[in-house]
Each structure stands twice: as structure tokens, then as C-alpha cells.
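1. Quick one, what's the 3D model for this:
(one chain, ligands or ions: 2)
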Amino acid sequence: MPVKVLAELIMKEKIIEGIYKFSVKAPQIAQTAKAGQFLEIKVSETGEPFLRRPISIYNIYRETGVVEFIFQVKGRGTQLLSNMEEGTKIDIMGPLGYGNFDVKAYKKVAIIGGGIGTYPLYELAKELQGKSDITMYMGFRNKNLVTLEKEFEQVSNKLVITTDDGSYKNKGFAIDFLKEDCKQEKPDIIFACGPLPMLKAVQKLAVEENILCQISLEERMGCGIGACLGCAVKVISGAEPRYGHVCKEGPVFYANEVEI
Ligand SMILES: Cc1cc2nc3c(=O)[nH]c(=O)nc-3n(C[C@H](O)[C@H](O)[C@H](O)COP(=O)(O)OP(=O)(O)OC[C@H]3O[C@@H](n4cnc5c(N)ncnc54)[C@H](O)[C@@H]3O)c2cc1C
Ligand code: FES
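-> Numbers count the residues shown, from 1 in each chain. Ligands and ions are numbered 1, 2, ... in the order given. Purely as a prediction, here's the structure:
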């Protein structure tokens, strides 16, 4: 069950320019949160902007009740959030989302992420560690935007870092490296989170190669609790296509369930 808490910001870290990691003390959220779920965060005390901002859970420390999230400053809301100082009590609702990652003991797992979509995949890999053989394909635009390489290395058996312009490690898109590896041996499941073109390419690969696949959709959101229809997605798994809510039914869906 999601709860609304005032969570103390116990550590704030600027990872690279414009990208921050926040560690907050939120035991009620840490106890029940699952990989792939997100938080709705009030970014100011004045009530302006009115809408909370959705940010995925990056890391959960269940024993100490600490939850971490990482965000990129995009507009006014995330700018205000980034200005908060350690010690601030942040109004957070969570954990939200009912569709979360399936952390069963799959033998061979491929995890693919792009840009800010790489962050929610850390907790997923952490939970699969020791149960599965994990290859992570993490794509960034360029060297300056590569983040958390050491952390991803620690939770995977193999890490493939790609940059679009080749300024660091492998040149190209992460999906191309996943496709190439699928020719040798298919994973039992693919997990993906990132920009829409990447998700579409992953969905296509999974359907064509008949690989089980889950994708996490980071649609724009309003309320975050299924009340505003701000996050509609076409669900095609039933007898008739229908519109579902990413915030309620997702953000994680099986790739063959949704039209993106
Ligand atoms: C389920 C979910 C999980 C998310 N997890 C993370 C996360 O872990 N880390 C992170 O940095 N961001 C994440 N986001 C995106 C984040 O919510 C937005 O970047 C943020 O709400 C922008 O708010 P703002 O007020 O700063 O910008 P706004 O002023 O609202 O918008 C500024 C710019 O950002 C763009 N933008 C706004 N929302 C999104 C979005 N959802 N996706 C892409 N572009 C957007 C707008 O089009 C605009 O160009 C997530 C979004 C969702 C729905
Ligand atoms: S964000 Fe309001 S219904 Fe999903």
C-alpha cells in the first residue's frame, strides 16, 4: 500500500552536472517497495508547482529504511527538488505502481537501459543477483553522461556500456549490442527502461525473437494514482484493446501487453 510520508533527506549527492542522488529515510516505503516502483515527490513547500513529480526508486536499504532515487534536472520541478538541502523533510508518496519487475530466478537475464532510464534497473539487478546470470546493456549519449558504471558492474555478471558517439567504451546504441548477443544465445527475459525509441526497438526484438520481456514506461504523469488519465497507454493483451493507466497498471508492463 502506498503511504504519504515526510522523509528526511539524509544524503544529497551531485553525481554529474544536473543529476542528483537523494537518500531519504522512509522506512514505511523501504519495507514494501519493489524494483520498478516509483515515488511521487512534492518538490516545494509552497504548493507550487501543484503536481508531484514521479521519480523511480533506484535503491532500497530495507534494514535501515533508506530509499534512494536519482533524477535529472529537466524543468522547474526537478530544479526545485535539486535545491533541497540535507535535513529537509520531503513529502513523498509511495511506493507507487502495481506493475513491477518480475524478479523470479531466470537463468539468463538481459537488462537494457538508456540515460535516466538506467537508474530503476539497479535495484532490479540487485534483487536478481545470485539467482540469474545478468548482462546489463547501459546506453548513454556521450562520455560525460555515463553514470553509475561501478555500481552496475557490482550487480551484474557482465556490463556493456555504450555511448551514441563512441566517446566512451562501445560506440552505438545499447540495443544493437543486445541484438548481437541474442544471435549467440537468447536470454530468458529482457528488462528495459529508457527512451521510447529504445523501448520500441526492444519490444520489436522481443516479439520477433519470442523472448519474454518487460518494459518500464516513464510517461508524463499528473496525479500518479489513477485519477487524472494523464498517463494513458493502449493495452492490447485482452480481447479488446483498451486504454490503461501507466501509473496504476504499470509502470512496468510485459512488452506484448502494450502498444507504445
Ligand atoms: C514512472 C516515472 C518514473 C520516472 N523516473 C525518473 C527517474 O528515476 N529519474 C529522472 O530523472 N526522471 C524520472 N522520470 C521523469 C521525471 O518525472 C520528469 O523529468 C520530471 O517530472 C520533470 O519535471 P520538471 O518539473 O522538472 O519538468 P517539467 O517542467 O514538467 O518539464 C521539463 C521538460 O522535461 C520533459 N519531461 C517531463 N516529464 C517527462 C517524462 N516523464 N519523461 C521525459 N521527459 C519529461 C518535458 O517534456 C519538458 O521538456 C520519471 C517519470 C515517470 C513517469
Ligand atoms: S497520472 Fe493520473 S491517472 Fe496516471
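
2. and the top helix by length along the chain, what's its mean pLDDT?
-> Among the segments of the chain that qualify as a helix by DSSP state H, the longest is helix 196-209. For helix 196-209, the mean pLDDT works out to 96.

3. Going by neighbour count, which residues of that helix are buried?
-> Neighbour-count burial for helix 196-209, counted by 16 or more other CB atoms under 10 Å, picks out 198-199, 201-203, 205-206. All C-beta atoms are positioned from the backbone trio N, CA, C, and that covers glycine.

4. Would you format these as TSV with distance to ligand 2 included?
-> Converted to TSV, the buried residues of helix 196-209 look like this (distance: CB to the nearest ligand atom, whole Å):
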residue	distance to ligand 2
198	22
199	18
201	25
202	23
203	21
205	28
206	25
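
5. so which two of those residues are the farthest from each other?
-> The distance between the two most remote of the buried residues of helix 196-209 (CB to CB) is 12.5 Å, for 198 and 206.

6. Backbone torsions only: list them for the nearest residue to residue 164 once chain neighbours are set aside.
-> Of all residues not flanking residue 164 in the chain, residue 141 sits nearest, at 5.1 Å (CB to CB, 6 or more residues apart in numbering). For residue 141, the backbone dihedrals (degrees, to the nearest 10) come out as phi -70, psi -40.

7. just the one 4 residues further on next, same as before
-> Residue 145 adopts backbone torsions of phi -100, psi 0, taken as degrees, to the nearest 10.

8. how near is it to ligand 2?
-> Taking CB to the nearest ligand atom, to the nearest Å as the measure, residue 145 falls 27 Å from ligand 2.
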